[in-house]
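>>> Structure for this input, please:
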Amino acid sequence: MEAENGEGSREQPGRDEGLADLQALAVRMRRMNGEINRLVHGFAAVQGLHPTDVHALAAILDAEEPMTPTRLRERLGLTSGAVTACLDRLERAGHVRRVRESADRRVVHLYYEQQAQPAARRHFAPLADAARAARATLAPGELAVVLRFLDAMNEELSTTRPPRD
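Presented below is the predicted three-dimensional model:
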């Protein structure tokens, strides 16, 4: 059944609530992104890095298989020159190492240096603590729903490109 608004047009029930829910979700996601970016910028500043370098570190750390410069470029949406400059900074700072694979010397794998990880763990400990505290507020089974949503959202975003003006 449709409801009529004050201007004579027809709207479906729940449409406004769905829009409000979507807006509320967007606001919360932007806020969380801002809070995480604040931590990322702080770590970058302390380490003498660019925030993009920290995103590169996260991509290397989270990769299911050894990261390559090409995959990193695609993941971060950077040019090959920008990825090279980023990797040069990370290598100089002792955060990553490049390893040429013996089977094909053209293939370079990127590894997050073990000795650099404690500094990152210390800096991002408040993020881990916040995640633990937030997780503790969830009822059994709710985390699975949150993870399913985040996986779906990341999958959708991974293929999204901004419009070209």
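
>>> all helices of this structure, in order?
Secondary structure of the chain by DSSP state H: the helices cover 15-47, 51-62, 69-76, 80-92, 117-136, 142-158.

>>> right, and the ones you listed - which one's nearest residue 110?
Closest to residue 110 of these is helix 51-62 (Cβ to Cβ; 5.1 Å). Quick note: C-beta positions are derived from backbone N, CA and C, even for glycine.

>>> winner for burial among the helices of the chain?
Comparing the helices of the chain by mean neighbour count (mean count of other Cβ atoms under 10 Å), helix 51-62 ranks first with a mean of 19.

>>> And the contacts of that one?
With contact meaning Cβ atoms under 8 Å, 6 or more residues apart in numbering, helix 51-62 is reached by 37, 40-41, 43-44, 47, 67, 72, 75-76, 78, 82-83, 86-87, 89-90, 93, 95-96, 110-112, 120.

>>> how about the helices of the chain, which one is nearest residue 104?
Closest to residue 104 of those, according to Cβ to Cβ: helix 69-76, at 13.2 Å.

>>> Name the residues that touch that closest one?
Contacts for helix 69-76 (Cβ under 8 Å, 6+ apart): 52, 55-56, 59-60, 63, 78-80, 82-84, 86-87, 108, 110.
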